[in-house]
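Asks: Have a look; sequence and predicted model below, questions after that.
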Amino acid sequence: MKKMIRIHLLISGRVQGVLFRQSAREKALELGVTGFAKNLLDGKVEIIVEGPKEKVEEFVKWTKEGPSLARVDNSEMAEEKYTGEFDGFVAREFGF
């Protein structure tokens, strides 16, 4: 059985208004991982992603650069307990 993991990311830089959330959703669907991406008031993008370890790691690697218009300055990452709570991956509007 594949090891399932959950990663919580806070990504800063030029990450809002550059299709970061929508591109994250497309990448997540391509890899078959679940979770969400949302903009925060402080200008960061928050992402929670769950799935098979190797697919989540590939997604996390992608977030370090993001879409072509983005500039990722920093990525804070924390592993959390896998819950399996998501049915798909959603680009949420805002986190407030």
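Replies: Looks like it came in fine.

Asks: all contacts plus neighbour counts: C-alpha atoms, from now on.
Replies: Noted.

Asks: Enumerate every residue touching Ile7.
Replies: By CA atoms under 8 Å, 6 or more residues apart in numbering, the contact set of Ile7 is Ile48, Val49, Glu50, Val56, Met77, Ala78, Glu79, Glu80.

Asks: out of those residues, which are inside helices?
Replies: Among the contacts of Ile7, the ones falling in helices (DSSP state H) are Val56.

Asks: Generate a markdown table for the contacts of Ile7, with distance to Ser68 and pLDDT as supplementary columns.
Replies: Compiled in a markdown table, the contacts of Ile7 are given as follows (distance: CA to CA, whole Å; pLDDT from 0 to 100):
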| residue | distance to Ser68 | pLDDT |
| --- | --- | --- |
| Ile48 | 21 | 98 |
| Val49 | 21 | 98 |
| Glu50 | 24 | 98 |
| Val56 | 21 | 98 |
| Met77 | 21 | 97 |
| Ala78 | 25 | 98 |
| Glu79 | 26 | 97 |
| Glu80 | 29 | 98 |
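
Asks: can you pull out the strands in this structure?
Replies: Ranges of strands in the chain, per DSSP state E, are 4-14, 34-39, 45-52, 71-80, 89-94.

Asks: Could you say which one of the ones you listed comes nearest to Lys64?
Replies: Closest approach to Lys64 among the strands of the chain (CA to CA): strand 71-80, 6.2 Å.

Asks: Sheet-wise, list the partners of the closest one with their directions.
Replies: Sheet pairing for strand 71-80, assigned by DSSP bridges, gives strand 4-14 (antiparallel).

Asks: tell me the mean pLDDT for the partner strand?
Replies: In this model, strand 4-14 carries a mean pLDDT of 98.

Asks: buried stuff in it?
Replies: Within strand 4-14, the residues scored as buried using 16 or more other CA atoms under 10 Å are Met4, Ile5, Arg6, Ile7, His8, Leu9, Leu10, Ile11, Ser12, Arg14.

Asks: One more: stretch 83-96?
Replies: Going by 16+ other CA under 10 Å, stretch 83-96 has these buried residues: Phe89, Val90, Ala91.

Asks: Just want the most central residue of this protein.
Replies: Nearest to the geometric centre of the chain sits Ile47, at 3.7 Å (CA atoms, centre = their mean).
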